[in-house]
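Q: Give me a model of this one.
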Amino acid sequence: QVQLVESGGGLVQAGGSLRLSCAASRGTFSSYVLGWFRQAPGTEREFVAAIGTSGGRTFYADSVKGRFTISRDNAKNTVYLQMNSLLPEDTAVYYCAACFRFSGPRRNQYEYDYWGQGTQVTVSS
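A: Numbering: from 1, shown residues only. Got it, this is the predicted structure:
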(Lines give C-alpha, C1' and ligand atoms only; values in the text may rest on other atoms or scores of the structure.)
Protein backbone atom coordinates (compact mmCIF):
# COMPACT_ATOMS: atom_id res chain seq x y z
CA GLN A 1 0.00 0.00 0.00
CA VAL A 2 1.43 3.34 -1.07
CA GLN A 3 1.10 6.21 1.37
CA LEU A 4 1.09 9.74 0.01
CA VAL A 5 1.60 12.82 2.18
CA GLU A 6 1.13 16.32 0.79
CA SER A 7 2.72 19.45 2.18
CA GLY A 8 3.33 23.05 1.19
CA GLY A 9 -0.20 24.42 1.24
CA GLY A 10 -1.06 27.70 2.90
CA LEU A 11 -2.42 31.20 2.48
CA VAL A 12 -1.03 33.40 -0.28
CA GLN A 13 -2.08 36.61 -1.98
CA ALA A 14 -3.27 36.62 -5.56
CA GLY A 15 -0.30 36.69 -7.91
CA GLY A 16 1.87 34.80 -5.46
CA SER A 17 3.41 31.34 -5.64
CA LEU A 18 3.39 28.11 -3.69
CA ARG A 19 5.09 24.78 -4.21
CA LEU A 20 3.27 21.67 -3.12
CA SER A 21 5.13 18.46 -2.40
CA CYS A 22 3.85 14.93 -2.13
CA ALA A 23 6.10 12.30 -0.62
CA ALA A 24 5.40 8.63 -1.17
CA SER A 25 6.32 5.73 1.05
CA ARG A 26 6.21 2.08 0.10
CA GLY A 27 5.79 0.82 -3.42
CA THR A 28 7.95 1.46 -6.45
CA PHE A 29 7.58 5.19 -6.87
CA SER A 30 9.17 5.34 -10.30
CA SER A 31 6.51 3.02 -11.70
CA TYR A 32 3.58 5.25 -10.70
CA VAL A 33 1.85 7.86 -12.75
CA LEU A 34 1.28 10.81 -10.44
CA GLY A 35 -1.41 13.44 -10.50
CA TRP A 36 -2.65 16.48 -8.65
CA PHE A 37 -6.34 17.15 -8.19
CA ARG A 38 -8.23 19.81 -6.26
CA GLN A 39 -11.60 20.31 -4.69
CA ALA A 40 -13.15 23.60 -3.70
CA PRO A 41 -16.10 23.71 -1.28
CA GLY A 42 -19.34 22.65 -2.91
CA THR A 43 -17.65 21.45 -6.09
CA GLU A 44 -16.52 18.17 -7.58
CA ARG A 45 -12.88 17.19 -7.35
CA GLU A 46 -11.14 18.21 -10.56
CA PHE A 47 -7.98 17.34 -12.41
CA VAL A 48 -5.07 19.77 -12.18
CA ALA A 49 -1.95 18.10 -13.57
CA ALA A 50 -0.39 14.69 -14.15
CA ILE A 51 3.04 13.30 -14.99
CA GLY A 52 4.07 10.00 -16.50
CA THR A 53 6.43 7.51 -14.96
CA SER A 54 9.52 8.85 -16.72
CA GLY A 55 8.61 12.48 -16.16
CA GLY A 56 8.78 13.15 -19.88
CA ARG A 57 5.04 13.62 -20.42
CA THR A 58 2.76 15.95 -18.55
CA PHE A 59 -0.89 16.99 -18.82
CA TYR A 60 -2.49 20.12 -17.39
CA ALA A 61 -5.99 21.40 -16.95
CA ASP A 62 -6.62 24.38 -19.21
CA SER A 63 -7.28 26.55 -16.16
CA VAL A 64 -3.71 26.11 -14.86
CA LYS A 65 -1.72 25.71 -18.07
CA GLY A 66 1.16 28.15 -18.17
CA ARG A 67 0.93 28.87 -14.44
CA PHE A 68 1.45 25.48 -12.78
CA THR A 69 4.27 22.98 -13.34
CA ILE A 70 4.27 19.35 -12.22
CA SER A 71 7.57 17.54 -11.74
CA ARG A 72 8.86 14.46 -10.01
CA ASP A 73 12.06 13.34 -8.34
CA ASN A 74 12.12 9.56 -8.35
CA ALA A 75 15.24 9.49 -6.19
CA LYS A 76 13.33 11.35 -3.46
CA ASN A 77 9.99 9.59 -4.04
CA THR A 78 8.41 13.02 -4.35
CA VAL A 79 6.15 14.80 -6.81
CA TYR A 80 5.86 18.58 -6.88
CA LEU A 81 3.37 21.14 -8.08
CA GLN A 82 4.85 24.59 -8.59
CA MET A 83 1.99 27.09 -8.65
CA ASN A 84 2.67 30.61 -9.91
CA SER A 85 0.42 33.58 -10.61
CA LEU A 86 -2.14 32.18 -8.22
CA LEU A 87 -5.74 33.32 -8.50
CA PRO A 88 -8.52 33.31 -5.88
CA GLU A 89 -10.24 30.61 -7.92
CA ASP A 90 -7.26 28.33 -7.27
CA THR A 91 -8.41 28.10 -3.64
CA ALA A 92 -9.10 24.44 -2.87
CA VAL A 93 -7.85 21.36 -1.10
CA TYR A 94 -5.15 19.86 -3.29
CA TYR A 95 -4.65 16.11 -3.43
CA CYS A 96 -1.90 14.05 -4.96
CA ALA A 97 -2.64 10.62 -6.35
CA ALA A 98 -0.76 7.65 -7.74
CA CYS A 99 -1.74 5.23 -10.49
CA PHE A 100 0.12 1.98 -11.12
CA ARG A 101 -1.81 0.66 -14.11
CA PHE A 102 -0.47 3.01 -16.77
CA SER A 103 2.78 4.69 -17.72
CA GLY A 104 1.43 7.85 -19.32
CA PRO A 105 -0.21 10.72 -17.42
CA ARG A 106 -3.93 10.35 -16.66
CA ARG A 107 -6.66 12.98 -16.28
CA ASN A 108 -9.36 10.67 -14.95
CA GLN A 109 -9.39 10.54 -11.16
CA TYR A 110 -11.02 7.11 -11.20
CA GLU A 111 -7.87 5.66 -12.77
CA TYR A 112 -5.83 6.53 -9.68
CA ASP A 113 -5.29 3.94 -6.98
CA TYR A 114 -3.83 5.85 -4.03
CA TRP A 115 -4.58 9.28 -2.61
CA GLY A 116 -3.07 11.63 -0.10
CA GLN A 117 -5.03 13.38 2.63
CA GLY A 118 -4.94 16.76 0.93
CA THR A 119 -3.43 20.15 1.69
CA GLN A 120 -5.34 23.43 1.78
CA VAL A 121 -4.40 26.24 -0.58
CA THR A 122 -6.09 29.58 -0.02
CA VAL A 123 -5.52 32.52 -2.35
CA SER A 124 -6.72 35.89 -1.12
CA SER A 125 -7.71 38.68 -3.48
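Q: Looks like residue 26 contacts residue 3 (just checking).
A: Yes: under the criterion of CB atoms under 8 Å, residue 26 makes contact with residue 3 at 6.0 Å. Placement of C-beta: from N, CA and C, glycine included.
Q: hang on, residue 45 packs against residue 36?
A: No: counting by CB under 8 Å, residue 45 stays clear of residue 36, with 10.8 Å between them.
Q: So which residue is dead centre in the protein?
A: residue 36 (2.2 Å; CA atoms, centre = their mean).
Q: which residues does that one bridge with?
A: residue 49, residue 96 (DSSP bridges).
Q: Then residue 72?
A: Counting by DSSP bridges, residue 72 forms beta bridges with residue 79.
Q: So for it, what's the pLDDT?
A: Residue 72 is assigned 97 on the pLDDT scale.
Q: next one: residue 26
A: Looking at residue 26, its pLDDT is 78.
Q: Next: residue 90.
A: Confidence score, pLDDT, at residue 90: 98.
Q: Would you mind measuring from it to residue 113?
A: Going from residue 90 to residue 113 by CB to CB, to the nearest Å gives 26 Å.
Q: more crowded one of the two?
A: residue 90 (22 against 14; other CB atoms under 10 Å).
Q: show me where the chain has strands.
A: For the chain, the strands defined by DSSP state E cover 3-7, 10-13, 18-25, 33-39, 46-51, 58-60, 68-73, 78-83, 92-99, 114-115, 119-124.
Q: Start and end of stretch 88-101, how far apart?
A: End-to-end distance for stretch 88-101, by CA to CA, to the nearest Å: 34 Å.
Q: List the buried residues in that stretch.
A: By 16 or more other CB atoms under 10 Å, the buried positions in stretch 88-101 come out as 90, 91, 92, 93, 94, 95, 96, 97, 98, 99.
Q: Max pairwise distance over those residues: which two?
A: Farthest pair in the buried residues of stretch 88-101 (CB to CB) is 91 and 99. Separation: 25.8 Å.
Q: I'd say residue 91 and residue 39 touch.
A: No: Residue 91 is beyond contact range of residue 39, at 10.6 Å (criterion: CB under 8 Å).
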